[in-house]
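Student: Predicted model, plus sequence, below.
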Amino acid sequence: MSDPVAAVWERVQLARHPQRPYTLDYAQAIFDDFLELHGDRMFADDAAIVGGPAALDGRAVMIIGQQKGRDTRENVRRHFGMARPEGYRKALRLMRQAEKFRLPVVTFVDIPGADPSLASEERGQALAIAENLREMITLRVPTVAIIIGEGGSGGALAVAVMDRVLMLENAIYSVVSPEGASSILWKDSALAPQAAAAMKITAPDLLRFGVVDRLVPEPPGGAHLDHAAAARFLKQALCETLAELDQCFGSGASLDVEALLEARYRKYRALGVFREELGL
């Protein structure tokens, strides 16, 4: 009999694999004419978040994603994918541009957590995340989030409150890392595998709970082994999801904005609802 804890921990390791495709890999493989835009127009440009307009099979969209590095130098520049306040403000600026030009928003989530440094706190990290959460609920265009690696805490949620949330087969999504959870609960980070299993952070569990809307398959062995195949699977799922949103709410000038916003509101109000039944 297979060990369920080991199986979950294997997915955690796959989600963190250093050769896994990142946002810019998918931007190149899935989209045409991607133009990266920079800066938050307030403080600086955060390389941990990338984004800009692109074309998906001829349809203009706005893509935004968290970006890790491939080597030490790039990881230092991108801060290991841990976004700072200016990164979230850049993401919000791009979302508002998408709303202005009626472009669907597609976000790629891959972050262990937002940057926790003193400098980020001094520049308003919590406020930047909170403002994104508020604004995403009211964006007047269709939105899709895709969890492509590890989605950690508010750092992930700050670009993930979307109409549809897709999740790659070996990605993870949680309120805290398994290491953090085990340290809090059991004062021992070595129990991270047990914490990961208890937290139900894998794609099948989150799909079952309704936290994500669709599971996207990966190539055998994981997306890191075949970037091209992973991109094909993801592109198909993304195109089908956008087509579904078009069918439900229309698109362009015919978009039923009020119905879209109401459905988004109801989706997130329903998360976490449960009922207890007492035995007689």
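Tutor: Okay, I see it. Values in this document were obtained by computation on a predicted structure and should not be read as measured data.

Student: Show the contacting residues for the nearest residue to residue 28 once chain neighbours are set aside.
Tutor: Once flanking residues are discounted, residue 28 sits nearest to residue 34: 7.2 Å by CB to CB, 6 or more residues apart in numbering. C-betas here are computed from N, CA, C, even on glycine. Counting by CB atoms under 8 Å, 6 or more residues apart in numbering, residue 34 makes contact with 27-28, 52-54, 63.

Student: Can I take it that residue 34 is in a strand?
Tutor: No: secondary structure of residue 34 (DSSP: H, G, I helix; E, B strand; the rest coil): coil, not part of a strand.

Student: From residue 236, how far off is it?
Tutor: Distance, residue 34 to residue 236, using CB to CB, to the nearest Å: 19 Å.

Student: What segments of the stretch 1-150 of the chain are helices?
Tutor: Under the criterion DSSP state H, counting those that start in this stretch, the stretch 1-150 of the chain contains helices at 4-15, 23-30, 72-78, 85-100, 118-122, 125-138.

Student: Could you export the ones you listed as a markdown table, including distance to residue 277 and mean pLDDT?
Tutor: Converted to a markdown table, the helices of the stretch 1-150 of the chain look like this (distance: least, CB to CB, whole Å; pLDDT from 0 to 100):
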| stretch | distance to residue 277 | mean pLDDT |
| --- | --- | --- |
| helix 4-15 | 27 | 93 |
| helix 23-30 | 44 | 96 |
| helix 72-78 | 48 | 91 |
| helix 85-100 | 41 | 96 |
| helix 118-122 | 43 | 93 |
| helix 125-138 | 32 | 95 |
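
Student: To residue 229, which of the ones you listed lies closest?
Tutor: With CB to CB, the closest approach to residue 229 among those belongs to helix 23-30: 10.1 Å.

Student: Put the alpha carbons of that closest one into PDB.
Tutor: Output of helix 23-30 as PDB, limited to C-alpha atoms (Å, rounded to 0.1, in the frame of the first residue of the first chain):
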ATOM      1  CA  THR A  23       5.600  32.400 -16.000                       C
ATOM      2  CA  LEU A  24       7.900  33.700 -18.700                       C
ATOM      3  CA  ASP A  25       8.300  30.100 -20.100                       C
ATOM      4  CA  TYR A  26       4.500  29.900 -20.500                       C
ATOM      5  CA  ALA A  27       4.300  33.400 -21.800                       C
ATOM      6  CA  GLN A  28       6.700  32.500 -24.600                       C
ATOM      7  CA  ALA A  29       5.200  29.100 -25.400                       C
ATOM      8  CA  ILE A  30       1.400  29.900 -25.200                       C
END
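
Student: Quick check: which helices or strands does it pack against?
Tutor: If you count contacts as 3 or more CB pairs under 8 Å, 6 or more residues apart in numbering; DSSP states H and E, helix 23-30 packs onto strand 49-56, strand 59-66, strand 105-111, helix 227-249.

Student: So which bits of stretch 32-39 are buried?
Tutor: Neighbour-count burial for stretch 32-39 flags residue 34 (criterion: 16 or more other CB atoms under 10 Å).

Student: That's all I had, so thanks and see you.
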